[in-house]
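Chemist: take a look and give me a structure for this.
(chains A and B)
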Amino acid sequence: MSRRARWVVFWLGGLGVAVLFVLAVLRLPEFGGLVHPYRDLSVPAAMGRSSPNVVSSINFDQRALDTLGEETILLGSVVGAAALLRPSKDEKEQLAKEEGRVLEATKLLGYLLLPVTLILGADVVTHGHLTPGGGFQGGVVLATGLHLLYVAGSYRMLRRLRPVSWYEMAEAAGAGAFVVLGFVGLFLAGSFLANVLPWGTLGDLFSSGSVFALNVAVGAEVTSGVVVLLARFLAQALSVREVK
Amino acid sequence: MNPLLLVAFVLVAAGATVVVFTREPSRQAVTLGVYGILLTLLFVLLQAPDVALSQVAVGSAVVPLMVLLAVRKVRGGKR
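Modeler: Residues are numbered from 1 along each chain as shown, chains lettered A, B, ... in the order given. Below you'll find the model as predicted:
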């Protein structure tokens, strides 16, 4: 196809998308309107099952199956990326003898913030049904927080204190626990991922039934998944070398 | 629409444009990180703190880090 013809195809397609987009936007409900049918249904449902963070109630109770799908996508991407990033036949892991120096200020801040970040991450995971956040958000905070060991310390230290095989197992266990909880709901209440655990008192840490349990399972999976992913990337960038 | 929201929308659009027009991948990781924070701001203003939390952690920390590590690997042993 000549350059000219390609431009014609592009403009035809682009124009079509633009027309459809404008037509769609014109029929959208008004920005910040007052009519929210989904809100009117989901907020009472969330409150009735002791999870004041309605977003978590939707993610882990009302539409938990969708979340299982999302978690499986994450698991699949991590497994795929880890498989692609593993050292090939003519590559070997070899740690550099000398590592760059870290500024004292960076060290101080890093070591001060490491425990704070880990506690914050655990808090975000376990309070997912009460306050904004949940297993996914807290998991990413936990996983990135752990890498302060590398920022403030060294790559060797990170490797020593972060055994990747443990995280591989925790990732599988977290993803598995989600499915197991789904089957528990299926056998006890007749539908997959039904919220069968006691709902408890609105506002308590241990309340909201399976929303809390699923948040913890997802927290374990996401933490481990991101750690494994970053571990593979770090290894490729820092220690995997070609050997003849 | 409140004026703060309008500013946030404009900043997000401008930030995204800067990311697209940054050609050098290692620089793009930085602009992407900044764009992630602008997007987080917009989500907070739209009262979506759950999404904002995911966005700030994934969009301004994990993804730029992966890009930088990949760039370093692709460029080879030069340190």
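Chemist: what's around residue B:19, how many residues?
Modeler: 18 (other CB atoms under 10 Å in any protein chain shown). C-beta here means a position set from N, CA and C on the backbone, and glycine is covered the same way.
Chemist: do the same with the one 3 residues further on
Modeler: The burial count assigned to residue B:22 is 16, neighbours taken as other CB under 10 Å.
Chemist: so for it, what pLDDT did the model give?
Modeler: The per-residue pLDDT reported for residue B:22 equals 95.
Chemist: residue B:78 now?
Modeler: 52.
Chemist: how about residue 62, what does it touch?
Modeler: No chain was given, so I picked chain A. Contacts for residue A:62 (CB atoms under 8 Å, 6 or more residues apart in numbering or on different chains) come out as A:42, A:45-46.
Chemist: actually, chain B is the one I wanted.
Modeler: A:140, A:143-144, A:226, A:230.
Chemist: where's it relative to residue A:136, distance?
Modeler: 12 Å (CB to CB, to the nearest Å).
Chemist: those helices in the chain, which residues are they?
Modeler: As the question left the chain open, I've gone with chain A. Along chain A, the stretches classed as helices by DSSP state H are A:3-26, A:37-48, A:54-57, A:64-85, A:104-126, A:135-146, A:148, A:155-161, A:164-189, A:210-238.
Chemist: my question was about chain B
Modeler: Going by DSSP H, chain B shows helices at B:3-21, B:25-45, B:49-57, B:63-74.
Chemist: mean neighbour count, those helices: which tops it?
Modeler: helix B:49-57 (a mean of 21; mean count of other CB atoms under 10 Å in any protein chain shown).
Chemist: could I get stretch B:55-68 in PDB with only the CA atoms?
Modeler: Extracted C-alpha coordinates of stretch B:55-68, given in PDB (Å, rounded to 0.1, in the frame of the first residue of the first chain):
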ATOM      1  CA  GLN B  55      -2.500   4.600  40.400                       C
ATOM      2  CA  VAL B  56       0.100   6.200  42.500                       C
ATOM      3  CA  ALA B  57       1.700   2.900  43.400                       C
ATOM      4  CA  VAL B  58       1.600   1.300  40.000                       C
ATOM      5  CA  GLY B  59       1.700   4.300  37.700                       C
ATOM      6  CA  SER B  60       4.400   6.300  39.400                       C
ATOM      7  CA  ALA B  61       6.600   3.600  41.000                       C
ATOM      8  CA  VAL B  62       6.300   0.100  39.500                       C
ATOM      9  CA  VAL B  63       5.900   0.900  35.800                       C
ATOM     10  CA  PRO B  64       8.600   3.600  35.500                       C
ATOM     11  CA  LEU B  65      11.000   1.300  37.400                       C
ATOM     12  CA  MET B  66      10.300  -1.600  35.100                       C
ATOM     13  CA  VAL B  67      10.900   0.700  32.100                       C
ATOM     14  CA  LEU B  68      14.200   2.000  33.500                       C
END
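Chemist: ok now it, how far from the chain's centre?
Modeler: 8 Å (CA atoms, centre = their mean, to the nearest Å).
Chemist: filter the contacts of residue B:62 down to the ones near chain B?
Modeler: Subset of these in contact with chain B: A:140, A:143-144, A:226, A:230, counting by CB under 8 Å from any CB of the partner chain.
Chemist: most neighbours, which of those residues?
Modeler: residue A:226 (27 neighbours).
Chemist: from residue A:91, how far off is it?
Modeler: 24 Å.
Chemist: what of residue A:182?
Modeler: Separation of residue A:182 from residue A:91 (CB to CB): 40 Å.
Chemist: how about the residues of chain A by chain B?
Modeler: Going by CB under 8 Å from any CB, the residues of chain A near chain B are A:31-32, A:53, A:55-56, A:124, A:132-134, A:136-137, A:140-141, A:143-144, A:147, A:226, A:229-230, A:233-234, A:236-237, A:241.
Chemist: pick out whichever of the contacts of residue B:62 sits closest to residue A:191.
Modeler: residue A:140 (29.8 Å; CB to CB).
Chemist: perfect, that will be all.
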